[in-house]
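Student: Generate coordinates for the sequence data below:
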Amino acid sequence: MHSPLSRANSAPPVPAGLNGPTWLVTPGIAPARFDTAVGSGAEVVLLDLEDSVPAGSKADARAAVLTFAGARTRSSDGPLLGVRINAVDGTEGLRDLAAMGEQGLWPDLVVVPKVESGHEIEAVVQTARGAQTPPKVWALIESPQGVVGLSGIVHTPGLAGVLFGAADYAATAGCRITSRAMWYPRAQLVTEAAAAGIPAVDSPFFSLDDQDGLRRDALEAVELGFAGKVAVHPRQLSVIAQAFAPSPRELEAARAVLDAASAVAKAGGAITTADGVMVGPPLVEAALAVVRRAGHRPATTTSVTKAS
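Tutor: Below is the predicted model:
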C-alpha cells in the first residue's frame, strides 16, 4: 500500500477552484470593465449574463461577452475566463448556449445558475461537446432545492465544480445572509463536492466597505473546506487571497508534520509526534494540503504508514 506522501507525489493535487482561490465576477453589460477584470489578479474572471444584466439588455451583453471571448488570447499565466449564462430552463439561457455553439466562442468555463438537478448540467455538457476545446461546466447552487439535490448533481458526468449563491439561497429560504444561517448549506455543498472529488467555491461577500467582515467570511470558507471564493469588486481580491494562503505558523506546523513523518518512515516506524501532536496518515494528508495551498510540493516521497 502506498503511503500518503508517495500518493501525493504520484498524483496531481485536487484543483483549487481550477486555477486558484480568487474569482471575480463582472457584469456582462459593462465591456469597459472586462480588461480591468482580466488584469485584476483574479485567477478566474467570470463575466455575468444573468442577474447583473437587465432583461432588455441580454442580447447586448451576450454579444459583448462573446466578442471579448473571441478576441482574447489567454497567456499561460493569465486568468481563466468564465461566463455565467442564464438559467437553461429559460429562453435566454438557451440563446446563450446557441450563440456560443454557433459562433464557436466558448470560454474556459461555463457557470450554470439555479441548478436543482443534474439535467441542467447534462444539457450544457451535451451542447458544449462539439467545441474544439469544451469548457469546464460548473453548477451554481443557490436554492434549498439545489442543496437537497446535491448528491445527484455533483455526480453528473462532465461537472467540474460547484459554487454557492448565498443571496438567492437566503431569498428562497427566507433566512438572512449571516454566518450562522449559511453554515449548513455551505457545509453541505463542500461535503457533497468532496465526496464527488470536485472543488467548491464560496459565495461573494456583498458588503464592499466591510473588509473585516470579508476577512471573517473568507476564513470561514477556508475552515469549511472551500477551494476559493467569488469577489464582486477587485479590492476584495487581496483579502480573499490572504485568507486562503496558509499563515507562516500553519506552514511551519505542516512542514514539521511532514518532516516527522518522513523521519519515522525511514526508521521503519508507523506513528510519531510533532510538537506534541500525534502524527498519523490523516494529519499527514492535512499537512500536504496546507503545503499545496502555499504553492509548494513536498520534497520527500516517504511517509508514516498506518499502524496495524
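Student: all strands for this protein, in order.
Tutor: With DSSP state E as the criterion, the chain has strands at 22-27, 44-48, 80-84, 109-112, 136-141, 159-164, 200-202, 228-231, 272-274, 277-279.
Student: Throw those strands into CSV and include distance to residue 222, thanks.
Tutor: Placement of C-beta: from N, CA and C, glycine included. Listed next are the strands of the chain as CSV, based on distance: least, C-beta to C-beta, whole Å:
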stretch, distance to residue 222
strand 22-27, 13
strand 44-48, 17
strand 80-84, 21
strand 109-112, 22
strand 136-141, 19
strand 159-164, 14
strand 200-202, 9
strand 228-231, 9
strand 272-274, 22
strand 277-279, 20
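Student: want to try a markdown table for the ones you listed, with mean neighbour count, mean pLDDT and distance to residue 188 as columns?
Tutor: Output for these, formatted as a markdown table (neighbours: other C-beta atoms under 10 Å; pLDDT from 0 to 100; distance: least, C-beta to C-beta, whole Å):
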| stretch | mean neighbour count | mean pLDDT | distance to residue 188 |
| --- | --- | --- | --- |
| strand 22-27 | 25 | 97 | 20 |
| strand 44-48 | 25 | 97 | 23 |
| strand 80-84 | 24 | 96 | 22 |
| strand 109-112 | 25 | 97 | 19 |
| strand 136-141 | 25 | 98 | 9 |
| strand 159-164 | 24 | 98 | 10 |
| strand 200-202 | 28 | 98 | 10 |
| strand 228-231 | 28 | 98 | 17 |
| strand 272-274 | 17 | 59 | 33 |
| strand 277-279 | 15 | 60 | 29 |
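Student: which stretches of the stretch 151-300 of the chain have low pLDDT?
Tutor: 247-248, 250-254, 257, 259, 261, 264-289, 291-300 (pLDDT under 70).
Student: can you do 50?
Tutor: 296-300 (pLDDT under 50).
Student: mind checking how far residue 63 is from residue 108?
Tutor: 19 Å (C-beta to C-beta, to the nearest Å).
Student: An error on my part: the question was meant for residue 50.
Tutor: 18 Å.
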